[in-house]
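1. The amino acid sequence is not available; the structure is as follows:
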Ligand SMILES: [Zn+2]
């Protein structure tokens with residue numbers, strides 16, 4: 001699997017960094033490739049090809065101020081409501097990767 005990549009976006013006046021999967025390996029099965037490609041599209045554009053949009057659950061102003069005083073960076077929770085059957089859904093992508101690894105004889109994750 002390739003290394004994760006960081007995407008940076010300006011959202012609501014904040015600079016937000018997303019950690020997204022690296023490019024899909026050429027030899028990966030279609031379900032793995034499609035899931036990874038959709039996730040990369042989603043982080044780059046804010047929208048999945050299934051129609052889901054990416055929304056953020058930001059810490060409130062007081063919490064952000066508190067973290068800033070501690071010299072910490074707030075963690076933003078991403079909320080994505082993929083359509084049923086979308087290969088970018090966490091469980092779908094993970095099980096596709098597990099099946100692929102099992103086929104390669106490396107065992108599960
Ligand atoms: Zn999707």
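-> Happy to help now that I have it. What you are looking at is a predicted structure, and each value in this text was computed from that prediction instead of being measured.

2. Span of stretch 76-96 from start to end?
-> 27 Å (C-alpha to C-alpha, to the nearest Å).

3. What residues of it count as buried?
-> Across stretch 76-96, burial judged by 16 or more other C-beta atoms under 10 Å covers 80, 82, 86-89, 92-93, 96. Bear in mind the C-beta positions are built from the backbone N, C-alpha and C, glycine included.

4. contacting residues around it?
-> 16, 18, 29, 31-32, 34-36, 38-39, 42, 48, 50-59, 109 (C-beta atoms under 8 Å, 6 or more residues apart in numbering).

5. Contact partners for the most centrally placed residue in the chain?
-> Central residue of the chain (C-alpha atoms, centre = their mean): residue 20, 4.7 Å from the mean position. Contact partners of residue 20, counting by C-beta under 8 Å, 6+ apart, are 4-7, 39-40, 42-44.

6. cool, and residue 9?
-> Residue 9 sits in contact with 15-16, 18, 46, where contact means C-beta under 8 Å, 6+ apart.

7. Thanks a lot, catch you later.
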